[in-house]
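Peer 1: 3D model of this:
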Amino acid sequence: MIKPLFSTVLMLVLLWCFNFSWVVAQEGTHANSIQAIAASPTGEEVATGSHNMLNIWDAENQVLRRSINERTPYVLDIDFSPDQTHYALTSYRNILIWDYSGREIHALGGHRGLVSAISYNSDGSRIASVAADQTLRIWDTQSGEEVREIPVDAHRVGAIQYHPEEDLIAIGLRDGTIALLDENGEEQQRYTSDNDDIQITDLSWCGDGSRVFASADDGSLFVLDGQTLDENNTFSNDTQVNALEWSPELDRLFTADDNGNVYGWDQEAGTIDQEYSTGGSELHDLAFSVNHNLLIAAGEDREIALWNLDDGSSAGEFDVQANDINFVHYSPDGSKIVTSHDDMTVRTWSTESQEELAVFEGHTDQVNTVSFSPDGSIIASGGDDNDGYIWDAESGELLHHLEGHSGGIEDIVFHPEQDLVVTGSTDNNIRIWSTQTGENVNTVRGHQHNINSVAFNDDGSLLGTVSADRNAHIWDFESLERIATLEHDDYINDGVFSPDGQQFVTGGYRTISLWDVSAGEMTAEHEVHDDWINTVDFSHDGNFIASGGADYTVRVWNVQNDELHHSFEAHTSYVNSLAFHPSEAQLASGSHDQTLRVWDITQGTDLYTLSLE
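Peer 2: Numbering: from 1, shown residues only. This is a model prediction of the structure:
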């Protein structure tokens, strides 16, 4: 689906299914407005993108399959390949191509400006992209190689769309011009509107390519001959049209506008015969999926509204705000668990009474990470507001506000022996703070991408950091010199030291990897999940490694006999965080399903569940 360069881009998905009610799971995944939404060709998966996040939803089961934020800045467009093998999205100056599991196949780099729109050709073998560097580029999706760079008009391109059957690309320009190019960049046809002050905001072909439709920011709609670009009809909406799409099943042209309206048009008469409204929420794009019978609208307010296309009735309105459990950590004596949440809170729970003890408020965005100090007297937290907070664990008093990062804090950890706390951020930096004064005493640089995890060994002499640059670094904490780099073939989301400090375990795509710290070499690798691993932890006796993933499961691996010890499958959405009890054979897990579960790892049973609902 194609989006204009100069607007915040949101998408609508028109999904065809009988009496289907897709309830979006309540997760605060998108801190900003949803900029893109697209359905797979079968409609079984729906992708939503925002300023720094991509979510993949299971439409049939109405749950979030995975959420990715460390690799997806500036998602302005998403498109699924016609053969249903992969999908692509814009990410700042790059185009990322992933398989359906969320594993990266290619990162297409070459544009020198923000990529605003992408489009697959009819068989998915190529993809076209357009960017603010005034180039249109064509890529081979199998090899990831750039096939051709095509300079475009000095007026930036607002929309592109591959022909549904031929190797032709329609482009819409900022001066009201629509051009038809072949893959060599040769212009085949051109249409210029009477008003050169308008911007073409979107393009859509009818199914056989006999007509092409265009929308403009003044509300104008154009119906053009697909071969000659001769004007067949023009008509007008009463406000800016941000997106349009033709439905072969309904033989209707649909538009989405600034007033939150979706209109179905008789393109021959130029009249509106269907209308759906969000009540004012700005809408910016739309798309169809052939297997369902719903209109799904995403707006600036981050809500997703649904209508039945049969009768136009509302099928619900869902706010994609979150309150899943992002992180869990035990107090040193095991009497409490602290959790962090998307509702900007930190909470403490009693492991004896299994009741909520306190709620800490002060963050201004979702809280990603939280940790008890070694003596249990203070709590540190970090979130997407770029700040860290240090709290009195009993009174809830805010002791220090840690300011300095320019990106969200993904992880926070106390030094086991010194009055220090370390944070890892999406600004690629690691910062060291005094817990006595809140002062930033040092900054460690060395990663090329977001810091996903930070961890100390038992005596604090070593610091391990995990990054979206596919590397884990081991640092001498006294000198802050890097002593080892653990290079991975894929992204890694978490890492932690063994209790004796001799090993470091990381979790990535399906596998946990064990590394010899002194040698900097991998000693073992185990595929224990069916999807991405979000979190790993070592038991305090060093006998077990726990992992939690996007497949909704918690797995416990026996390090001694190299076998799977237990698999816990009670969560109904992906697992964000794990923590072993400091002295007992128990494991806590926090999930997107808004529950915290505590497991007996000896018996393999669910001891109790704490729920936010």
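Peer 1: I'd like the mean pLDDT over stretch 336-353, please.
Peer 2: Stretch 336-353 carries an average pLDDT of 93.
Peer 1: Please apply the same query to stretch 544-560.
Peer 2: For stretch 544-560, the mean per-residue pLDDT is 93.
Peer 1: how close does Ser215 sit to His540?
Peer 2: Computed as C-beta to C-beta, to the nearest Å, the Ser215 to His540 distance reads 60 Å. Using the backbone N, CA and C atoms, a C-beta is placed for each residue, glycine as well.
Peer 1: Direction included, what does the strand or helix carrying Val359 pair up with?
Peer 2: Take DSSP states H and E as the rule and Val359 turns out to sit in strand 356-361. Strand 356-361 has its sheet partners listed here by DSSP bridges as strand 345-350 (antiparallel).
Peer 1: Okay, buried residues for the strand it pairs with please.
Peer 2: Buried residues in strand 345-350, counted by 16 or more other C-beta atoms under 10 Å: Thr345, Val346, Arg347, Thr348, Trp349.
Peer 1: Tell me where the stretch 101-250 of the chain is predicted with low confidence.
Peer 2: Counting by pLDDT under 70, the stretch 101-250 of the chain shows low-confidence ranges at 101-102, 154-155.
Peer 1: hey, what's Ile296 bridged with?
Peer 2: Taking DSSP bridges as the rule, Ile296 bridges to Val13, Leu306.
Peer 1: Glu45 now?
Peer 2: Per DSSP bridges, the residues bridged to Glu45 are Asp58.
Peer 1: what's the closest residue to Leu398 other than its chain neighbours in contact with, if anything?
Peer 2: The spatial neighbour of Leu398 that comes closest, neighbours along the chain excluded (C-beta to C-beta, 6 or more residues apart in numbering), is Gly362 at 5.4 Å. For Gly362, the contacting residues are Tyr389, Trp391, Leu398, His401, by C-beta atoms under 8 Å, 6 or more residues apart in numbering.
Peer 1: List just the nearest of these to Asn52.
Peer 2: Ranked by distance to Asn52 (C-beta to C-beta), these are led by Tyr389 at 21.1 Å.
Peer 1: And that closest one, its phi and psi?
Peer 2: Note on Tyr389: backbone dihedrals following degrees, to the nearest 10 are phi -130, psi 140.
Peer 1: Okay, it and Glu410: tell me how far apart.
Peer 2: For Tyr389, the distance to Glu410 (C-beta to C-beta) stands at 15 Å.
Peer 1: Report the beta-bridge partner residues of Asp537.
Peer 2: With DSSP bridges as the criterion, Asp537 is bridged to Ala546.
Peer 1: contacting residues around it?
Peer 2: Neighbouring residues of Asp537 by C-beta under 8 Å, 6+ apart: Val496, Ile545, Ala546, Leu578, Ala579, Phe580, Leu587.
Peer 1: Next: Gly226.
Peer 2: Gly226 is in contact with His163, Trp205, Cys206, Gly209, Ser210, Arg211, Val212, counting by C-beta under 8 Å, 6+ apart.
Peer 1: So which of those residues wins on neighbours?
Peer 2: Most neighbours among those, by other C-beta atoms under 10 Å: Val212, with 27 neighbours.
Peer 1: and the closest residue to Trp98 other than its chain neighbours, how many neighbours?
Peer 2: Excluding the flanking residues, the one nearest Trp98 by C-beta to C-beta, 6+ apart is Glu104, at 5.4 Å. Glu104: 16 surrounding residues under other C-beta under 10 Å.
Peer 1: Ok, Thr90 next?
Peer 2: Neighbour count for Thr90, taken as other C-beta under 10 Å: 31.
Peer 1: mind listing what it touches?
Peer 2: Counting by C-beta under 8 Å, 6+ apart, Thr90 has contacts Tyr74, Val75, Leu76, Asp77, Ile78, Val115, Ser116, Ala117, Ile118, Ser129.
Peer 1: Chain neighbours aside, what residue packs nearest to it?
Peer 2: Leaving aside its chain neighbours, Thr90 sits nearest to Val115 (4.3 Å; criterion: C-beta to C-beta, 6+ apart).
Peer 1: Repeat that for Glu478.
Peer 2: Distance criterion C-beta to C-beta, 6+ apart; nearest residue to Glu478, sequence neighbours excluded, is Ser461 at 7.1 Å.
Peer 1: cool, and Ser425?
Peer 2: Closest residue to Ser425 apart from its sequence neighbours, by C-beta to C-beta, 6+ apart: His405 at 4.3 Å.
Peer 1: quick one: pLDDT of that neighbour?
Peer 2: On pLDDT, His405 comes in at 96.
Peer 1: what's the answer for Thr72, then?
Peer 2: Note on Thr72: pLDDT of 63.
Peer 1: Tell me the spacing between Trp139 and Gly280.
Peer 2: With distances taken as C-beta to C-beta, Trp139 is found 39 Å from Gly280.
Peer 1: can you check Val554 too?
Peer 2: In this view, Val554 and Gly280 are 43 Å apart by C-beta to C-beta.
Peer 1: The two: who's more crowded?
Peer 2: With neighbours defined as other C-beta under 10 Å, Val554 and Gly280 compare such that Val554 has more, 26 against 12.
Peer 1: Skipping its backbone neighbours, what lies nearest the more buried one in space?
Peer 2: Val554 sits nearest to Phe568 (C-beta to C-beta, 6+ apart), 4.1 Å away.
Peer 1: One more: Pro416?
Peer 2: Excluding the flanking residues, the one nearest Pro416 by C-beta to C-beta, 6+ apart is Gly460, at 4.6 Å.
Peer 1: sec struct for that neighbour, please.
Peer 2: Judged by DSSP: H, G, I helix; E, B strand; the rest coil, the three-state class of Gly460 is coil.
Peer 1: For it, give me phi and psi.
Peer 2: Here Gly460 shows phi and psi, under degrees, to the nearest 10, equal to phi 80, psi 10.
Peer 1: What is the most widely separated pair among the contacts of Gly362?
Peer 2: Trp391 and His401, at 10.5 Å, using C-beta to C-beta across the contacts of Gly362.
Peer 1: for the stretch 151-300 of the chain, what spans make up the strands?
Peer 2: Secondary structure of the stretch 151-300 of the chain, counting by DSSP state E, counting those that start in this stretch: strands at 157-162, 168-173, 177-182, 187-192, 200-205, 211-216, 220-225, 231-236, 241-247, 252-257, 261-266, 271-277, 287-289, 293-298.
Peer 1: can you give me the angle the first one makes with strand 168-173?
Peer 2: With axes from the mean of the first three to the mean of the last three C-alpha atoms, to 10 degrees applied, the angle from strand 157-162 to strand 168-173 works out at 170 degrees.
Peer 1: Adjacent strands (with direction) for strand 157-162?
Peer 2: Note on strand 157-162: by DSSP bridges, its sheet partners are strand 168-173 (antiparallel).
Peer 1: Could the C-alpha coordinates of the partner strand be exported in PDB?
Peer 2: Output in PDB follows, covering the C-alpha atoms of strand 168-173 (Å, rounded to 0.1, in the frame of the first residue of the first chain):
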ATOM      1  CA  LEU A 168       5.000  -0.900 -15.200                       C
ATOM      2  CA  ILE A 169       5.100   1.500 -12.300                       C
ATOM      3  CA  ALA A 170       2.600   4.400 -11.700                       C
ATOM      4  CA  ILE A 171       4.000   7.400  -9.800                       C
ATOM      5  CA  GLY A 172       2.100  10.300  -8.400                       C
ATOM      6  CA  LEU A 173       4.000  13.600  -8.100                       C
END
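Peer 1: which outside residues touch it?
Peer 2: 119, 128, 130, 136, 152-153, 155-163, 178-183, 188, 199-203, 205, 212, 214.
Peer 1: Try it again at 6 Å.
Peer 2: Strand 168-173 has contacts (C-beta atoms under 6 Å, 6 or more residues apart in numbering) with 128, 153, 155, 157-162, 178-182, 200, 203, 212, 214.
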